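Peer 1: Need a 3D model of the sequence below.
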Amino acid sequence: MSDVRRAVCPGSYDPPTIGHLDVIRRAAALFDEVFVAILVNPRKQGLFETDERVEMLTEITSDLPGVRVEAFSGLVVDYCRERGATALVKGLRGATDYDYELPMAHMNRHLTGVETLFLAGAPGQVYVSSSLVKEVARGGGDITEFLPAAVHTRLLERLAQQA
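Peer 2: Predicted coordinates for the structure are as follows:
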């Protein structure tokens with residue numbers, strides 16, 4: 001049996017925010033390998049294509065040893081099993097996130113024994129979400145502090161293309 005501790009940080013990451021990056025960094029400090037797993041959901045059209053999100057996350061996590069970025073479809077617990085991961089790591093911004101995530105954590109553990117670890121959002125970031133950042137940017141607001149620089153540039157370029 002391997003002594004390598006592996007975890008998965010699943011999400012849509014459309015786009016990845018400083019909050020996402022904070023959770024990934026903290027997971028990388030706790031585990032030997034962290035898979036940043038971008039859910040491919042054909043029923044949802046994101047602002048960025050999956051390959052673009054993979055590129056952005058690969059760029060902003062390039063300084064983190066043991067972090068890999070991949071796209072996946074299907075059940076996250078199946079993805080965990082395929083990668084040998086024993087834990088899911090998710091960030092919580094507040095009670096609404098907890099209420100949404102807790103039943104999934106119980107189901108995932110029941111189905112496969114994969115544990116879910118919740119990391120409290122960093123102070124000053126708990127209100128940051130991809131959806132809110134996109135909405136503020138569309139309205140012309142300054143979202144610089146909420147996104148890694150490379151992601152900020154791509155988001156502004158994408159929104160300009162849509163205008």
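
Peer 1: Out of the helices and strands in this structure, which is least certain?
Peer 2: The helix or strand of the chain with the lowest confidence, counting by mean pLDDT, DSSP states H and E, is helix 95-112 at a mean of 91.

Peer 1: Show me what that one is packed up against.
Peer 2: Counting contacts by 3 or more Cβ pairs under 8 Å, 6 or more residues apart in numbering; DSSP states H and E, helix 95-112 packs against helix 76-83, strand 87-92, strand 115-120. The C-beta positions use only the backbone N, C-alpha and C, and glycine is treated the same way.

Peer 1: Look up phi and psi at the residue nearest to E59 when sequence neighbours are not counted.
Peer 2: Nearest residue to E59, sequence neighbours excluded (Cβ to Cβ, 6 or more residues apart in numbering): A150, at 5.3 Å. The phi and psi values for A150, taken as degrees, to the nearest 10, are phi -60, psi -40.

Peer 1: hang on, isn't A150 packed against T61?
Peer 2: No. Using Cβ atoms under 8 Å, A150 is not in contact with T61, being 11.0 Å away.

Peer 1: More neighbours: which of those two?
Peer 2: Neighbours were counted for A150 and for T61 using other Cβ atoms under 10 Å; T61 has more, 23 against 14.

Peer 1: and the closest residue to that one other than its chain neighbours, what does it touch?
Peer 2: With sequence-adjacent residues excluded and distances taken as Cβ to Cβ, 6+ apart, T61 is closest to V67, at 4.6 Å. Residues in contact with V67, defined by Cβ atoms under 8 Å, 6 or more residues apart in numbering, are I24, A28, E33, V34, F35, V36, T61.

Peer 1: Report pLDDT for V67.
Peer 2: Predicted confidence (pLDDT) for V67: 98.

Peer 1: again with M1
Peer 2: 47.
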